[in-house]
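S.K.: Fold the stuff below for me.
(chains A, B, C and D)
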There are 2 protein chains.
Amino acid sequence: MNKSYRQGQILQLVRSRSLRTQEELARALRAVGVRATQVTLSRDIRELGLLKTAEGYARPTESAAPAGPDLATVLREFLLDVRVAQNLLVLLTPPAHASSVAEALDQAAWPEITGTVAGDNTVLVIAPTAKKATSLREKLMRFLG
Amino acid sequence: MNKSYRQGQILQLVRSRSLRTQEELARALRAVGVRATQVTLSRDIRELGLLKTAEGYARPTESAAPAGPDLATVLREFLLDVRVAQNLLVLLTPPAHASSVAEALDQAAWPEITGTVAGDNTVLVIAPTAKKATSLREKLMRFLG
DNA sequence: TATTATTATTCATTCGACTGAATAATCATT
DNA sequence: AATGATTATTCAGTCGAATGAATAATAATA
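M.R.: Here you go, the predicted model:
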């Protein structure tokens, strides 16, 4: 299995739940189809710069948010409209600001967001299901004030 | 000697003067400090998509796309995650590499891929059906190792 | 402190990208 | 067609990144 893919899964896992030992992490990885030994995870954790906290492994707070503006700020400033179509959301922004919004949403890493693709003044947000797309819309609309 | 450096020198050489055979190219390379055999140059020329013209090797006229790397190579190198949502796939890549992956997938022209849209670090892949999206995910995952 | 659990390191192995020598295949010329 | 020139392919070897088993080092706990 691919190293960068494995490390990406590690980052997603430690963000979403509490993994206190490397063996525990190994089991969690296996559950998502990634086989790795404790030796490999020890190296990955060092390369990723993860820290062992009381709640388990985590990214250090500084590197986790590399100088991006707050999600609420970005949305309040740039989000003009939110439209739903099936499991998709179309977000409208002022010209040239779609990527900022998409970037901020990616950082947030909400489970209702499978992924985003930004154009110039439009962000396409892919949700897992139509139902989640709808609730995601409401969540986003609340930022509009 | 580094492969991409060598290929860069090849591109510069064939643009600046007339090199009619691979042996001739080998001599020109040696003059700029790059040692390579005809075997290697044969491979480089194919990878770079050079054509043999009456005036020597040259890049195809800009209409033809500069042949991108092999799909398997691109995916192994850049594919970080594959998520499914209905009939859509969301591929995550390192920043700035989404278009390479989308390009390579477009070239492959698989029937399970209706189309792709690339952002900066995200490729949206549209599949005909949810079922095909799922099997496409497995097909892509196999490239990861 | 002693014992157990957890993590890091060493050593050897595997794997794939890259390359060249030998050679096969193709092209050009007569 | 025959010959010589040119290019492509096969096979084997090298090299470095990645990995795991064994084990050392460290941390946690009784």
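S.K.: excluding its backbone neighbours, what's nearest whichever residue of chain A sits closest to DNA strand D?
M.R.: Per CB to the nearest atom of the strand, residue A:40 is where chain A lies closest to DNA strand D, at 3.3 Å. C-beta: built from backbone N, CA, C; applies to glycine. Leaving aside its chain neighbours, residue A:40 sits nearest to residue A:6 (7.8 Å; criterion: CB to CB, 6 or more residues apart in numbering or on different chains).
S.K.: What strand or helix carries that neighbour?
M.R.: helix A:3-16 (DSSP states H and E).
S.K.: So which elements touch that helix?
M.R.: helix A:22-31, helix A:38-48, strand A:56-58, strand B:81-85 (3 or more CB pairs under 8 Å, 6 or more residues apart in numbering or on different chains; DSSP states H and E).
S.K.: Name the residues of chain A found near chain B, please.
M.R.: Contact residues, chain A versus chain B (CB under 8 Å from any CB of the partner chain): A:1-2, A:4-5, A:8-9, A:12, A:33, A:86-87, A:99, A:102, A:106, A:114-118, A:124, A:126-129.
S.K.: filter these to the buried ones?
M.R.: Buried by 16 or more other CB atoms under 10 Å in any protein chain shown: A:2, A:4-5, A:8-9, A:87, A:99, A:102, A:106, A:114-118, A:124, A:126-128, out of the residues of chain A next to chain B.
S.K.: Can you flag which of those residues belong to helices?
M.R.: Those of these mapping onto helices are A:4, A:5, A:8, A:9, A:99, A:102, A:106, per DSSP state H.
S.K.: Would you mind measuring from the spatially most distant residue from the centre of chain A to chain B?
M.R.: Distance to the chain centre peaks in chain A at residue A:39, reaching 26.7 Å (criterion: CA atoms, centre = their mean). Per CB to the nearest CB, to the nearest Å, residue A:39 is found 17 Å from chain B.
S.K.: coming back round to it: now mean pLDDT too, for the helices and strands packed on helix A:3-16, in JSON lines please.
M.R.: Formatted as JSON lines, the helices and strands packed on helix A:3-16 follow (pLDDT from 0 to 100):
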{"stretch": "helix A:22-31", "mean pLDDT": "96"}
{"stretch": "helix A:38-48", "mean pLDDT": "97"}
{"stretch": "strand A:56-58", "mean pLDDT": "94"}
{"stretch": "strand B:81-85", "mean pLDDT": "96"}
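S.K.: Looking at the ones in helices among the buried ones among the residues of chain A next to chain B, which is nearest residue A:25?
M.R.: Checking those against residue A:25 with CB to CB, the nearest one is residue A:9 at 9.8 Å.
S.K.: quick one: the closest one and residue A:35 touch, right?
M.R.: No. Taking contacts as CB atoms under 8 Å, residue A:9 lies outside contact range of residue A:35: 11.4 Å.
S.K.: Now for those two: what residues contact both?
M.R.: By CB atoms under 8 Å, 6 or more residues apart in numbering or on different chains, residue A:9 and residue A:35 have these common neighbours: residue A:29.
S.K.: okay, the angle between the helix holding residue A:6 and strand B:81-85?
M.R.: 60 degrees (axes from the mean of the first three to the mean of the last three CA atoms, to 10 degrees).
S.K.: Show me how chain A divides into domains.
M.R.: Annotated domains of chain A cover A:3-64, A:71-144 [automatic domain parsing].
S.K.: Can you give me the end-to-end span of the last one?
M.R.: Its start and end residues considered, domain A:71-144 measures 12 Å (CA to CA, to the nearest Å).
S.K.: which one is residue A:106 nearest to, not counting chain neighbours?
M.R.: Nearest residue to residue A:106 in three dimensions, chain neighbours excluded: residue A:116, at 6.0 Å (CB to CB, 6+ apart).
S.K.: Pairing partners for the one you found in the sheet, please.
M.R.: residue A:125 (DSSP bridges).
S.K.: For residue A:55, list the residues it contacts.
M.R.: A:18, A:20.
S.K.: Any stretches of chain A with poor pLDDT?
M.R.: Counting by pLDDT under 70, chain A shows low-confidence ranges at A:62-67, A:145.
S.K.: How much space separates the residue nearest the centre of chain A from chain B?
M.R.: Centroid-nearest residue in chain A: residue A:109, 2.2 Å away (criterion: CA atoms, centre = their mean). Separation of residue A:109 from chain B (CB to the nearest CB): 11 Å.
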